[in-house]
Every structure is written in C-alpha cells, then in structure tokens.
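*Asks:* Prediction below, plus the sequence it came from.
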There are 2 protein chains.
Amino acid sequence: MVTPLYQAKAELFRTLGHPARIRILELLAERNHAVHELLDAIEIEPSNLSQQLAVLRRAGLVSQHRDGATVVYSLSVPDVRDLLVAGRGILLAILSDQDSLRAELRPARRRSR
Amino acid sequence: MVTPLYQAKAELFRTLGHPARIRILELLAERNHAVHELLDAIEIEPSNLSQQLAVLRRAGLVSQHRDGATVVYSLSVPDVRDLLVAGRGILLAILSDQDSLRAELRPARRRSR
DNA sequence: TTCGCATATGACGATTTCTTCATGTTAGGC
DNA sequence: GCCTAACATGAAGAAATCGTCATATGCGAA
C-alpha cells in the first residue's frame, strides 16, 4: 500500500479530529495516564474510551503497557505536543479574527467597502 | 453557542482531515492561488474543489477575493504552516518507528519477549 | 444582449464514523 | 478455583461526510 504523503497527513489530522481523542492526547501530553485516570478526567463511557484509545494506538500516536491490573498509556510520538500547541495558536488567531470582525460589523460607525 | 476548547480544536483538526484540503492548504502555504490553478494542481472535480474550499472558508482558514473573472484564495491564518510542518514531523517519526519495528520483526534473529 | 468560462451551491446515494450495548479477557484478592 | 475490577472487542443503528450531478451566479468578450 503506497500511500501518498498528503493522504497520510490527512489521516493523521483526522485521527486528531475528535473531542475525546484531543482530550486524551492533551492529558497524555502532561504525563502518562492509566485508563481509569483518563476515565475520571473525561466524561465518556469506558468502552468508548477504549475505542478511542484503540484509534490512537492504530495511528501509532500512543503506546500502552500493563502495570498489574491497570494499563498505562503514553505518547509514543512526543512531537504531538507541537501539533496541539500549534492548533491552539490557530484557534486563538481565528477566534480573535472573528471577534474583530464582529466588533467591526456591530457598531454604528462603518468603514468603506 | 459556547463551544468547549477541546471541541473547537477537534473541529479544526477534522477540517484538515481530508487529502484534498491538505493539498489546498499546502499550495496556499507556498503562495496565493486562483481556483483554476488549484484545479490544475490537484486531481479533483471543479465542484468538489469548490466544496472543499467552502469547508476551509467556513473554518476561517482561508479567504478569497475576486480578481476579474477568477477568484484568488489565500491562507487567512499564517500559523497553518506550523501545523502542516508539525504534521510532517510526526508522520516521519511514526513512519521511522514502523520501519524500525518492521526491521525488528522481519529477520531470523529474534529478541526476548 | 448573448455566449462561454470560472466558480459556487444544492441535492442525493454511498461510505464512514460515532455511540451504545453486550460480551470477552486478564489480573489480583479471597 | 471463584469473584470482581480494569480494559478490550464486536456488532448495529444513527448521524456525519464524501463525491457526483445538475443547476445557478458573476464576469468579460463579441
């Protein structure tokens, strides 16, 4: 299976495109977490959490290892932190854009064009 | 509509989670492009391209302006480049992981566990 | 004004993703 | 061994996404 680069990239981003998976990665970016810790931190059904973790595993973004009865997850690619940070930056940029746009449209005073 | 931050972040990444949209953004990261230029560079139906551009517009990632009969698109959030670069880094990390794993599994020599 | 090119929009079936529920597996306490 | 807790997996319906087709709009040339 020869996957073009841009398609692999799209799949990577799509893997991040889910609220639960984002939260998981952000928690793992802080420190390793056991599944039950993630479960406490995120509002989600246990089986759903397992599914989302499986998605991240298949994508190669996280790894697991057993510690007695619990399973601990960690980021297997540290650079994921960069992505999350960059994502936050973009969000802020977009939101402030929207705010200034809103501010521009709302008041009585108008600008040309 | 009060959107939690992690959900907005997930939507941002989902917006990037499509091969055509990735290609569009990469082209726009180089320089502004008219729609027909994108059309030449990407293998895609014109109407499909318009749809993908609309998705990117709604997400606030690109902006358009008319120039005569053609429409020129540009990145409205320059930081998108950071995301693309970070994405490439992660891909490379994952791929080299897989390669070393493959190399480890393939040959006759075995390791414990 | 009429034509044709460049682009956008709407709608529809096909596929994919998501959530939930039921069930399976592993490990430690008794 | 038996029970329970901690996770994982499989299946199935609901919802979202994708690509295509038909159609609409904006603009310049003739």
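*Replies:* That came in fine, so what should we check first?
*Asks:* mind checking the longest helix of chain A?
*Replies:* helix A:80-105 (DSSP state H).
*Asks:* Tell me which residues of that helix come out buried.
*Replies:* By neighbour count on 16 or more other CB atoms under 10 Å in any protein chain shown, the buried set for helix A:80-105 is A:Val80, A:Arg81, A:Asp82, A:Leu83, A:Leu84, A:Ala86, A:Gly87, A:Arg88, A:Ile90, A:Leu91, A:Ala93, A:Ile94. Placement of C-beta: from N, CA and C, glycine included.
*Asks:* Same list, those, but only the ones touching chain B.
*Replies:* Subset of the buried residues of helix A:80-105 in contact with chain B: A:Val80, A:Asp82, A:Leu83, A:Leu84, A:Ala86, A:Gly87, A:Arg88, A:Ile90, A:Leu91, A:Ala93, A:Ile94, counting by CB under 8 Å from any CB of the partner chain.
*Asks:* Of those, which is the nearest to B:Leu27?
*Replies:* Nearest to B:Leu27 among these is A:Ile90, at 18.0 Å by CB to CB.
*Asks:* Quickly note the distance from the residue nearest to that closest one when sequence neighbours are not counted to B:Arg23.
*Replies:* The shortest distance from A:Ile90 to any non-neighbouring residue, by CB to CB, 6 or more residues apart in numbering or on different chains, is to B:Asp79 (4.9 Å). Between B:Asp79 and B:Arg23 the computed distance is 19 Å (CB to CB, to the nearest Å).
*Asks:* which one of those two has more residues nearby?
*Replies:* The residue with more neighbours, out of B:Asp79 and B:Arg23, is B:Arg23; 22 against 18, by other CB atoms under 10 Å in any protein chain shown.
*Asks:* helices and strands of chain A: which one bottoms out on pLDDT?
*Replies:* When each helix and strand of chain A is scored by mean pLDDT, DSSP states H and E, helix A:80-105 comes last, with a mean of 84.
*Asks:* so it versus helix B:80-105, what angle?
*Replies:* Counting by axes from the mean of the first three to the mean of the last three CA atoms, to 10 degrees, helix A:80-105 lies at 160 degrees to helix B:80-105.
*Asks:* And helix A:80-105, what does it pack against?
*Replies:* With contacts taken as 3 or more CB pairs under 8 Å, 6 or more residues apart in numbering or on different chains; DSSP states H and E, helix A:80-105 sits against helix A:19-30, helix B:5-16, helix B:80-105.
*Asks:* The first one near DNA strand D anywhere?
*Replies:* Going back to what we said before, that points to helix A:19-30. No - using CB under 7 Å from any atom of the strand, helix A:19-30 never reaches DNA strand D; the gap is at least 10.8 Å.
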